[in-house]
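> need a structure here:
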Amino acid sequence: MGTLTFVYDENHRSHTAELSLHGELEAGLFQQGIEALIDEFIAYIQRTGEDVYHLEILINGEVVEESAFWEEAIHRFGLVDLSAAYLNELLYRAKSVRPIWLDEENPAARQAALCLARHCAAYIPYYIRYINWHDMDYEVHEYKDIDELIKRYGWRRETLQLAASRAGIACGQQGIWQFEELAAGGGLRSYLEEHHLLHGFLFELFLEPYLLHYAEVLQRSAHLHWPLEYVLDTCSDLLGALAEPDSASALLDQCEARARNFYAEHQLMT
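Residues are numbered from 1 along each chain as shown. Predicted coordinates for the structure are as follows:
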């Protein structure tokens with residue numbers, strides 16, 4: 001059995017959601033909990049419209065860390081689709097309004113996204129979507145999350161996508177430093193060279209998603225302007241970490257040509 005209750009503290013103007021589950025530790029119990037989060041917690045967020053909601057989880061009267069809850073739900077009981085549904089609700093909110101936080105360090109979407117990515121490399125795109133739509137100017141734990149996932153799985157398509165996102169869409173405060181570390185000490189540059197993947201990484205995994213993302217952002221926010229100069233500066237930073245100057249210059253010219261065509265096709269201000 002599961003119940004979700006909400007308390008508003010007028011003195012601190014804070015909201016607390018308490019998810020209380022009682023019963024045998026089995027898939028059905030965690031399913032009830034996630035369904036309550038989807039049906040009731042998301043609805044409460046929509047009604048109240050705040051940025052921060054403290055979430056407390058109790059199982060048979062004992063407090064459980066959110067990370068442990070998702071580890072059980074995803075790793076032990078395989079509730080991947082339901083967990084992804086909850087994550088998608090939070091990401092929709094982040095895209096359409098703004099990200100939701102559980103405290104000053106933890107966005108509401110982080111633990112579910114990270115546990116999905118830890119469960120299987122094929123689920124890394126969930127974490128990528130999370131960092132793409134979270135405000136990474138306020139990142140706290142994401143640097144180590146990204147390092148962890150790349151070390152866990154090594155270089156493969158999903159982790160290449162993660163690195164490409166970190167270099168651009170999810171750059172935030174520390175993205176370019178982390179990308180430079182991945183390119184050198186993390187072996188990304190040598191991996192791309194060895195497998196002849198630099199061109200595909202640059203255009204398919206980095207530039208195309210980057211342009212599509214900001215086209216969507218601009219579509220949602222009419223007052224926002226994303227100059228072509230920003231795009232080219234980001235491309236230049238990435239190429240500086242991955243290619244020799246002569247090669248980087250030629251590839252940057254190709255990036256500019258593709259970006260200009262994209263801006264023209266989508267009628268974006270340069």
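
> correct me, but Y143 touches Q174?
Yes: here Y143 reaches Q174: they are 5.6 Å apart, a contact under C-beta atoms under 8 Å. For the C-beta atoms, the positions are set from N, CA and C on the backbone; glycine is no exception.

> these two - which one has more neighbours?
The neighbour count for Y143 versus Q174, taken as other C-beta atoms under 10 Å, is higher for Y143 (18 against 15).

> could you list the domains of the chain?
Here the domain parsing of the chain from automatic domain parsing is 1-134, 155-270.

> make JSON lines from those domains and add mean pLDDT and distance to E148 to it.
Formatted as JSON lines, the domains of the chain follow (pLDDT from 0 to 100; distance: least, C-beta to C-beta, whole Å):
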{"stretch": "domain 1-134", "mean pLDDT": "95", "distance to E148": "8"}
{"stretch": "domain 155-270", "mean pLDDT": "96", "distance to E148": "11"}
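
> out of those domains, which is closest to L149?
For these, the distance to L149 is smallest for domain 1-134, at 5.5 Å, taking C-beta to C-beta.

> now the end-to-end length of the closest one.
Using C-alpha to C-alpha, to the nearest Å, the end-to-end distance of domain 1-134 comes out at 32 Å.

> now do stretch 94-105
Across stretch 94-105, the terminal residues are separated by 16 Å (C-alpha to C-alpha).

> give me the buried positions along it.
Buried residues in stretch 94-105, defined by neighbour count with 16 or more other C-beta atoms under 10 Å: 94, 99-102.

> repeat for stretch 23-38
Quick answer for stretch 23-38 (16+ other C-beta under 10 Å): 29-30, 32-38.

> got it, and stretch 76-87?
77, 79-80, 82-84, 86-87.

> other residues contacting it?
Contacts with stretch 76-87, where a contact means C-beta atoms under 8 Å, 6 or more residues apart in numbering, come from 26-27, 30-31, 34-35, 37-38, 42, 70, 73-74, 109, 112-113, 115-116, 119, 123, 126, 129-130.

> again with stretch 52-67
Under C-beta under 8 Å, 6+ apart, the answer for stretch 52-67 is 14-23, 25, 29, 33, 41, 44-45, 69, 100-103, 106, 108, 111, 114-115.

> what does stretch 189-201 give?
Counting by C-beta under 8 Å, 6+ apart, 155, 160, 164, 183, 241-243, 251 sit against stretch 189-201.

> let's see that with 10 Å instead.
By C-beta atoms under 10 Å, 6 or more residues apart in numbering, the residues outside stretch 189-201 that reach it are 154-157, 159-161, 163-164, 167, 180, 182-184, 187-188, 202, 204-207, 238-239, 241-243, 247, 251, 254.

> against A85, how distant is Y8?
For Y8, the distance to A85 equals 26 Å [C-beta to C-beta, to the nearest Å].

> can you check H134 too?
As judged by C-beta to C-beta, H134 and A85 stand 18 Å apart.

> list the buried residues of the helix or strand containing D233.
For D233, the element it lies in under DSSP states H and E is helix 228-242. Neighbour counts using 16+ other C-beta under 10 Å place 231, 234-235, 237-242 of helix 228-242 among the buried residues.

> ditto for stretch 170-186
Judged by neighbour count using 16+ other C-beta under 10 Å, the buried positions of stretch 170-186 are 170-172, 175-176, 178-180, 182-183, 186.

> stretch 204-219 now?
Buried residues in stretch 204-219, defined by neighbour count with 16+ other C-beta under 10 Å: 205-207, 209-211, 213-215, 218.

> please give me every residue in contact with the nearest residue to P227 once chain neighbours are set aside.
Distances taken as C-beta to C-beta, 6 or more residues apart in numbering place T270 nearest to P227, at 6.6 Å, with adjacent residues excluded. By C-beta under 10 Å, 6+ apart, the contact set of T270 is 225-229, 231, 259-260, 263-264.

> if we can go back for a sec, restricted to helices, list the buried residues of stretch 23-38.
29-30, 32-36 (DSSP state H).

> measure G240 to H195 for me?
21 Å.

> contacts only, for Q219.
Counting by C-beta under 10 Å, 6+ apart, Q219 touches 266, 268.

> now swap in L116 and tell me
70, 74-75, 80, 83-84, 87, 122-127, 130 are the contacts of L116 under C-beta under 10 Å, 6+ apart.
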